[in-house]
Structure formats: structure tokens, C-alpha cells
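Could you look at this predicted model? Sequence included:
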Amino acid sequence: MKRIIHWSAIIALFAFPLRMQTGDDININQVRQLATFPVNQILQNSAVEKISIEHCWGKIKGRNKPISVFFYSNMAGESQRVATIIKYVTPHYLDKLSIIRVQVINKGKPDKNTASDLLSRFSLDKTPGILFYDNVGENMVLEDEEYIDADHKEYRTPRMFFWNAYYSGVRKKLDKLLAD
């Protein structure tokens, strides 16, 4: 009997929430479909600027407001799911936050040399990863000439089943980080 109740609850979760309960009008079926496209396609018409890894520090150092940097693989499920979150979150923070993206590799995970380079240059532990820099201009904390410590790092990637909870969590975290 417990199994029947358990599976009935799971089926109900999939059958009825065609619209997410996030306070935004987001269709989860569209999100699922969007997450199958490459990251560059998901974010192509968004306010998320694509820059090369070589220009990343210049963009971080030259900003006039907090910035979030999304490091990703163009064709990897985890990066694609994170990109859908970024696409839906970005419009809510355009006046408070710059969001940029850096493609690390086209498909899969970075090789050991690339991963080691990302760790030494950005303190980036894995891809996809998001680094958040809150300190601006004169308030930047420079550890050495080519390194600025991120104020927040995020490596979690949402499963589609929990996408709405992750989306809401990201919004709450950004609200908290930007509340100064």
C-alpha cells in the first residue's frame, strides 16, 4: 500500500505542475525543452554577455556593479540546465548585476590541464561554475595582480525535477547578496 501511495504522489507531481509555483509565469515544459539546446543557443538573445577567457579579468576589474561569471561547457547537461536558470533569472537583476559567460570547452568536461588552469587563474573548482563578485571599483580585494577572490561560488546544478526550487533559491540568494 505504501508503494502505491508513493508512486501516486510521484505521478501527481509530474502530471499537474505544468506551471511552476515560483511567482513567475514560467512554463516548466518550455524549460525542459530549452535545456536540450547548447548553452550558446539558450543564452543567445539574453542580456548575458559572452566573453573569452582572456578578457574575463578585464571585465571583472572594469565593472561598475556586482558581476556574476558563468563558466560552462556548451554541450553538457549540467551547463545547459544552469543556463536555463540564468536565462530566467537575468531579467530580474539587469539594473543591479552584470552577468557574463565564459565558454571553457565545447562539449563535456574540461581536460586536466584546462581544469588546473581554471583553478589557478579563477579558483574555479569545476565546470559549470558561477563566481559572484560583489566588491566594486576601489573596494576590490586583490590577492595578487591577476586574481580577485570571488565573494560567492556556486557549483550546484539543478535536476529538472527540482528546477523550480533551484530557481527560487537562486533568486533568494541573489536578493541576499545584493541587499547592501
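The structure has been received and is ready for your questions.

Please name the nearest non-neighbouring residue to the residue positioned nearest the centre of the chain.
Residue closest to the average C-alpha location in the chain (CA atoms, centre = their mean): residue 82, at 4.6 Å. Spatial nearest neighbour of residue 82, excluding adjacent residues (CB to CB, 6 or more residues apart in numbering): residue 128 at 4.8 Å. C-beta: built from backbone N, CA, C; applies to glycine.

Could you point out the helix or strand that follows the helix or strand that residue 83 is a member of?
With secondary structure defined by DSSP states H and E, residue 83 is part of helix 77-89. Next helix or strand after helix 77-89 toward the C-terminus (DSSP H and E): strand 98-107.

Helix 77-89 and that next one, what's the angle between them?
160 degrees (axes from the mean of the first three to the mean of the last three CA atoms, to 10 degrees).

re the thing from before, okay, the residue nearest to the centre of the chain and residue 167: tell me how far apart.
Counting by CB to CB, to the nearest Å, the separation of residue 82 from residue 167 is 11 Å.

cool, residue 99 as well?
15 Å.

Verify the stated contact: the residue nearest to residue 82 with residue 70.
Yes: contact criterion CB atoms under 8 Å: residue 128 and residue 70 qualify, at 6.9 Å.

tell me, what's touching these two both at once?
By CB atoms under 8 Å, 6 or more residues apart in numbering, residue 128 and residue 70 have these common neighbours: residue 82.

Next up, phi/psi of the closest residue to residue 101 other than its chain neighbours, please.
Nearest non-adjacent residue to residue 101, counting by CB to CB, 6+ apart: residue 70, 4.4 Å away. Main-chain torsions, residue 70, degrees, to the nearest 10: phi -100, psi 110.

show me what contacts residue 70?
Residues in contact with residue 70, defined by CB under 8 Å, 6+ apart, are 48, 82-83, 86, 99-102, 128-130.

swap the cut-off to 7 Å and go again
Shown in contact with residue 70 (CB atoms under 7 Å, 6 or more residues apart in numbering): 82, 86, 99, 101, 128, 130.

now residue 105
Residue 105 neighbours (CB under 7 Å, 6+ apart): 73, 114.

now it: how far from residue 58?
From residue 105 over to residue 58 (counting by CB to CB), the distance is 21 Å.

ok, now residue 177?
23 Å.

Could you list the low-pLDDT ranges of the protein?
For the chain, applying pLDDT under 70 flags the ranges 1-23, 135-158, 180.

all helices for it, in order.
Counting by DSSP state H, the chain has helices at residues 2-15, 28-34, 39-42, 56-61, 77-89, 112-122, 163-177.
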